[in-house]
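Engineer: Return a 3D structure for these sequence lines:
(4 chains)
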There are 2 protein chains.
Amino acid sequence: MPAKRPAARRPTMKDIARRAGVSESAVSFALNDRPGVSEITRDRVRRVAEQLGWRPSTAARALSGEGAATVGFVLARPAHTLGVDSFFLQLVSGIQEVLARRHLGLLFQVAQDLDDECAVYRRWWAEHRVDGVLVVDPRTDDPRQDLLDELGLPAVVIGGAPDERHPALSTVWADDAGAMASLVDALHALGHRRIVHIAGLPGLAHTERRIRALRAEAERRGLTEVQSVTTDYSDAEGAAVTRRVLEAPAPPTALIYDNDVMAVAGVAAAAELGFSVPADVSVVAWEDSALCRMVKPWLSALSRDSVAFGRTAATELTALLDGGPARRVRVPVPRLIERDSTGAARTA
Amino acid sequence: MPAKRPAARRPTMKDIARRAGVSESAVSFALNDRPGVSEITRDRVRRVAEQLGWRPSTAARALSGEGAATVGFVLARPAHTLGVDSFFLQLVSGIQEVLARRHLGLLFQVAQDLDDECAVYRRWWAEHRVDGVLVVDPRTDDPRQDLLDELGLPAVVIGGAPDERHPALSTVWADDAGAMASLVDALHALGHRRIVHIAGLPGLAHTERRIRALRAEAERRGLTEVQSVTTDYSDAEGAAVTRRVLEAPAPPTALIYDNDVMAVAGVAAAAELGFSVPADVSVVAWEDSALCRMVKPWLSALSRDSVAFGRTAATELTALLDGGPARRVRVPVPRLIERDSTGAARTA
DNA sequence: GATTGATCCTAAAGCGCATTAGTGGGCGAC
DNA sequence: GTCGCCCACTAATGCGCTTTAGGATCAATC
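Structural biologist: Below you'll find the model as predicted:
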C-alpha cells in the first residue's frame, strides 16, 4: 500500500561530483562557467547535472553570498480598491516575463499601508529574502525611498518622477504632465472650458503631477473653471464625485477620470442624473482596458502598454542587480484613444 | 561626499552572541524557545536581538532544514484574460492575510500554460524555494496533482473537487453543483425554460462541474432547451457567444455567465441586438464584484467571499506545513444576489 | 636537469543557522 | 566526602554552495 511515498530527494552537487568522478569544486566551476576545468570535464559535468535534474539550491546560493535570486513587490492599497483594476495584473505580468527569463522569483505581498510596507522591506532585507524590490505608487515625500537607500536595497520606483535625492534608485516613469497637456489640448479644441479631473489617491506622486499639470494648462489658457478632485480610485467615490460636480450650478462639460473603474462608474452616475455622454458631458478614462469597451458609449481613454511598463521596470531592476548604474527611464506617453465618450462641448 | 553609502550590515546570531556574552548555540536555543538556557539568559538574548533588529536569514534557515518559509502560487492563464478579473486579487489578498501572520512569503508566478506551470513547480522544488504551493484552476485529469504527489510538495488545490486519487493534497472547494441547482431553481420559478450557460474555460474542473450540474438539473425538470457554451472568460468571447445565441431562432430567456466580465460584456451585446434586460432576457453573473454595479441594469450575481476563500486555502496550507493531515474543506455555497438583471420570463 | 609557468584539479574554509554531543559546576543522596 | 545527576552552557558538525589556497602534472625555458 502506497501509504506515503517518501518525497523524492533533491540531487546536490555532491551527487554530481560522485557520478562525474570529480570534486565538488570542479562541479561548481564547471556549472558556473568559471575557469579551472577543461572543456571535456565541463561537458561531462553538465551532462550529469542535466541528467540528474539538478538545480542549485537558492538557499545555499544565497547563503554563500550570491543573493536570493528573488525580487520583491509590495502592493499597499486598501483592500477594497484591489478589486477591479487591470493595471496591476498587467504590470506584474510584464515584470514576470523578464524575471522568469533569468529565473528570478517574485515575492509578492499586499500590505495595509505605507508603514506596513516599510516594515515588509525591512523584514525582507533582514531575512535576506530579496535582492531588490519594485516600488509602486510612489508618494510625494515618500518614506520608502529613504528606507531603501538606508538598507542599500536595489530598487526601481515605478511611476515616480526622477528624484535627485535618491541617486541609487532607478525610476521608470511616464510623462503625465505631457499627457495631461495633450489631453487638455484635445478637449479645449472640442470647445470644452469647464473641466473636472476626478483624480486618484491624494499624495501619490502621479496624482499630484497630473493635478499640477492640469492647473498649469488651465492657467496657460486662462481657464478658470477647471479643477481636480481626489478620490480613493473606487467606483463608489468616482460615482459620488461625478454626481456632486454635475449637480453644481455650472456643471463641467468634460470629465477626466484617473482610472477606468471610476470612469465607468461615472458614466453610469451621469446617466442617472440625465446627462447624456458625450452630448452633455465628455468623459475620458486615464487607463484603457476591456472595461472601456464594456459600457455604452465606449470610453475614450488614455492608453498605455502596462505590460511593457512592467517589462521595462523589471529590466531596469535586473540591470541594477547586475551592478549597473541607476537610471531614469521614461516610457512612451500614453496615447489618447478617441472612442465615443468624447465630443464637442455643448454650446450653452 | 556620500558617494555610495555602504549598505548596512545585517546582524547575525554571532553578533548577538558576542553582545550577550554567550555562545551562538545559546542564542539559537533562546530565540527558538528551546530548552537549554535559563530564563534570564533567554530574556537577555531576546532583548539584544530585538535591539539589533535581528531576523533569521531565511537562506540559512532553509539550508539547515527548516524549509524556505515560502509558499508558491502560479497563475496559468493566457495573458489577455488576466486583465479585469476581481477574483484573483481578492483571493491573493485573503491568502496573504494568513501567510503574513506567520511570516510566510508568497512566491508568485504567471505561467504560459500547464506544462510551463509544472516546470515551475519542478524548479521551485529543486531549488528549494517553496515549502508548499497553492494550485488554482484545477482541471479534470490534472497533471499537476500527480506531479505534486511525486515531488512530495504539500499543496492545496483551490476549487478542485475532492479527489481520492491524491490523498496527500488538501482541497478547498465550493459546491458548484448545489449553487447551480439553486440558480436553476430560481430561474425556473421565474418561468425560464430556455437557458444558456456561458461557461468559462473548458477542462477546468469547476467549469465541468457546473456544466454537468446544469445538464442534470435540466434533465430532472425535462428542460430540453438548456445548454452550456465554453469560452476563454474574456469579454470578447462573452459578447460573441451572447450574440450568437440571441440571434438563434428560439433565443434563451436567461443567460448565466461564469464570470462578471462576460456578464457585463454580454449585457452590452444583448442591448445592441435590441434585447432588453431583464424584460427580454435575464442575466446572472457567477461572480460578484463592483463591475456588477457599474452597469445598468445592475447585475444579479452569485456572490461568494473570495477573500475568505483565500484565507481558508492558506490556512489549510499552513496546517499541511505543520504536518497536519490533508483535508477536504467546503466553503459556503455562493449566494444569489438578486438585483435588476433578472425577472420573469417573457411569455411568448 | 632544475626552474618557471600554465593547466587542471582537489582540499578546506566559510556563509548563518539548527542540532547533537560534550563539558563544567552546583546540588542532593548515600 | 564522594558519587552521580541535572542544569546551563559551549564546541563541533552539517546543510549545499562558492571561493581561496594549494597540489600535481606536464611543457617549455635557460
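Engineer: chain center to the helix or strand hosting A:C118: distance?
Structural biologist: Applying DSSP states H and E as the criterion places A:C118 in helix A:114-126. Its chain's C-alpha centre lies 18 Å from the corresponding centre of helix A:114-126 when counted by C-alpha atoms, centre = their mean, to the nearest Å.
Engineer: got it, and stretch A:311-325?
Structural biologist: With C-alpha atoms, centre = their mean as the basis, the mean position of stretch A:311-325 lies at 15 Å from the chain mean.
Engineer: ditto for stretch A:281-297
Structural biologist: Counting by C-alpha atoms, centre = their mean, stretch A:281-297 comes out at 21 Å from the chain centroid.
Engineer: can you check stretch A:268-278 too?
Structural biologist: With C-alpha atoms, centre = their mean, you get 32 Å for stretch A:268-278.
Engineer: just stretch A:102-122 next, same as before
Structural biologist: Using C-alpha atoms, centre = their mean, the offset of stretch A:102-122 from its chain centre is 13 Å.
Engineer: what comes up buried for the lowest-mean-pLDDT helix or strand in chain A?
Structural biologist: Least confident helix or strand, chain A: helix A:86-101 with a mean of 90, by mean pLDDT, DSSP states H and E. Of the residues in helix A:86-101, A:86-100 count as buried by neighbour count, 16 or more other C-beta atoms under 10 Å in any protein chain shown. Quick note: C-beta positions are derived from backbone N, CA and C, even for glycine.
Engineer: Ok, stretch A:303-320 next?
Structural biologist: Buried, per 16+ other C-beta under 10 Å, within stretch A:303-320: A:303-307, A:309-320.
Engineer: Which ones among these map onto strands?
Structural biologist: Per DSSP state E, strands hold the following members of these: A:S303.
Engineer: if you average pLDDT over whichever strand or helix holds A:A49, what comes out?
Structural biologist: Using DSSP H and E, A:A49 falls within helix A:39-52. Taken as a whole, helix A:39-52 has an average pLDDT of 95.
Engineer: tell me the contacts of the spatially closest residue to A:V307 that is not a sequence neighbour?
Structural biologist: Nearest residue to A:V307 in three dimensions, chain neighbours excluded: A:G94, at 3.8 Å (C-beta to C-beta, 6 or more residues apart in numbering or on different chains). Contacts of A:G94 were listed using C-beta atoms under 8 Å, 6 or more residues apart in numbering or on different chains, and they are A:306-314.
Engineer: If we use 6 Å, what do you get?
Structural biologist: Contact analysis of A:G94 by C-beta atoms under 6 Å, 6 or more residues apart in numbering or on different chains lists A:307, A:310-311.
Engineer: any idea how far it is from DNA strand D?
Structural biologist: Distance, A:G94 to DNA strand D, by C-beta to the nearest atom of the strand, to the nearest Å: 29 Å.
Engineer: Likewise for A:E219?
Structural biologist: Counting by C-beta to the nearest atom of the strand, the gap from A:E219 to DNA strand D is 57 Å.
Engineer: count of neighbours near that residue?
Structural biologist: Neighbour count for A:E219, taken as other C-beta atoms under 10 Å in any protein chain shown: 11.
Engineer: now for the one helix or strand A:R18 maps to, which elements pack on it?
Structural biologist: Using DSSP H and E, A:R18 maps to helix A:13-20. Here helix A:13-20 touches helix A:24-31, helix A:39-52, going by 3 or more C-beta pairs under 6 Å, 6 or more residues apart in numbering or on different chains; DSSP states H and E.
Engineer: Next, A:A199: phi, psi?
Structural biologist: phi -90, psi 180 (degrees, to the nearest 10).
Engineer: what about A:P56, which SS state?
Structural biologist: coil (DSSP: H, G, I helix; E, B strand; the rest coil).
Engineer: For burial, what's the neighbour tally of it?
Structural biologist: A:P56, neighbours per other C-beta under 10 Å, totals 19.
Engineer: now swap in A:P334 and tell me
Structural biologist: Neighbour tally, A:P334, other C-beta under 10 Å: 22.
Engineer: who's in contact with it?
Structural biologist: A:179, A:302-304.
Engineer: What parts of chain A come near chain B?
Structural biologist: A:7, A:10, A:55, A:57-60, A:62-63, A:79, A:82-84, A:86, A:89, A:93, A:96, A:105-108, A:110, A:126-129, A:152, A:235, A:264-265, A:268, A:289-291, A:294 (C-beta under 6 Å from any C-beta of the partner chain).
Engineer: Separate out the buried members of these.
Structural biologist: For those, buried by 16+ other C-beta under 10 Å: A:10, A:55, A:57-60, A:62-63, A:82-84, A:86, A:89, A:93, A:96, A:105-108, A:110, A:126-129, A:235, A:264-265, A:268, A:289-291, A:294.
Engineer: Show only the entries of those residues found in helices.
Structural biologist: A:58-60, A:86, A:89, A:93, A:96, A:126, A:235, A:264-265, A:268 (DSSP state H).
Engineer: separation between the closest residue to chain B within the stretch 51-200 of chain A and A:P162?
Structural biologist: Residue nearest to chain B within the stretch 51-200 of chain A: A:G152 (2.4 Å; C-beta to the nearest C-beta). To A:P162, A:G152 is 20 Å away according to C-beta to C-beta, to the nearest Å.
Engineer: Would you map the strands across the stretch 151-300 of chain A?
Structural biologist: A:155-158, A:170-174, A:195-198, A:226-229, A:254-257, A:282-285, A:300-303 (DSSP state E, counting those that start in this stretch).
Engineer: quick one, domains of chain A?
Structural biologist: With domains defined by automatic domain parsing, chain A comprises A:13-54, A:70-175+A:306-331, A:176-303.
Engineer: Write out the residues of chain A neighbouring DNA strand C.
Structural biologist: A:21-26, A:29, A:36-38, A:41, A:60, A:63-65 (C-beta under 7 Å from any atom of the strand).
Engineer: near DNA strand D, from the residues you listed?
Structural biologist: Restricting the residues of chain A next to DNA strand C to contacts with DNA strand D (C-beta under 7 Å from any atom of the strand) yields A:24-25, A:29, A:36, A:60, A:63-65.
Engineer: With pLDDT as extra columns, can I get the residues you listed in JSON lines?
Structural biologist: JSON lines is the format used below for those (pLDDT from 0 to 100):
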{"residue": "A:E24", "pLDDT": "94"}
{"residue": "A:S25", "pLDDT": "94"}
{"residue": "A:F29", "pLDDT": "95"}
{"residue": "A:G36", "pLDDT": "89"}
{"residue": "A:A60", "pLDDT": "94"}
{"residue": "A:L63", "pLDDT": "92"}
{"residue": "A:S64", "pLDDT": "90"}
{"residue": "A:G65", "pLDDT": "85"}
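Engineer: Could you single out the nearest of those residues to B:R47?
Structural biologist: A:L63 (26.8 Å; C-beta to C-beta).
Engineer: which residue ends up closest to the midpoint of chain A in space?
Structural biologist: A:L91 (5.0 Å; C-alpha atoms, centre = their mean).
Engineer: Now for that residue: which residues touch it?
Structural biologist: If you count contacts by C-beta under 6 Å, 6+ apart, then A:L91 has A:306, A:310 around it.
Engineer: ditto for A:T140
Structural biologist: Here A:T140 is in contact with A:205, A:208 (C-beta under 6 Å, 6+ apart).
Engineer: hang on, the earlier thing: out of the contacts of A:P334, who's nearest B:L75?
Structural biologist: Nearest member of these to B:L75, counting by C-beta to C-beta, is A:R304, at 22.4 Å.
Engineer: pLDDT score for the closest one?
Structural biologist: So, for A:R304, pLDDT stands at 91.
Engineer: any idea how far B:A263 is from the residue nearest to it when sequence neighbours are not counted?
Structural biologist: In this structure, A:R304 finds its nearest non-sequential neighbour in A:P334, 4.0 Å apart by C-beta to C-beta, 6+ apart. According to C-beta to C-beta, A:P334 and B:A263 sit 29 Å apart.
Engineer: Check A:H197 too.
Structural biologist: Taking C-beta to C-beta, one finds A:H197 at 31 Å from B:A263.
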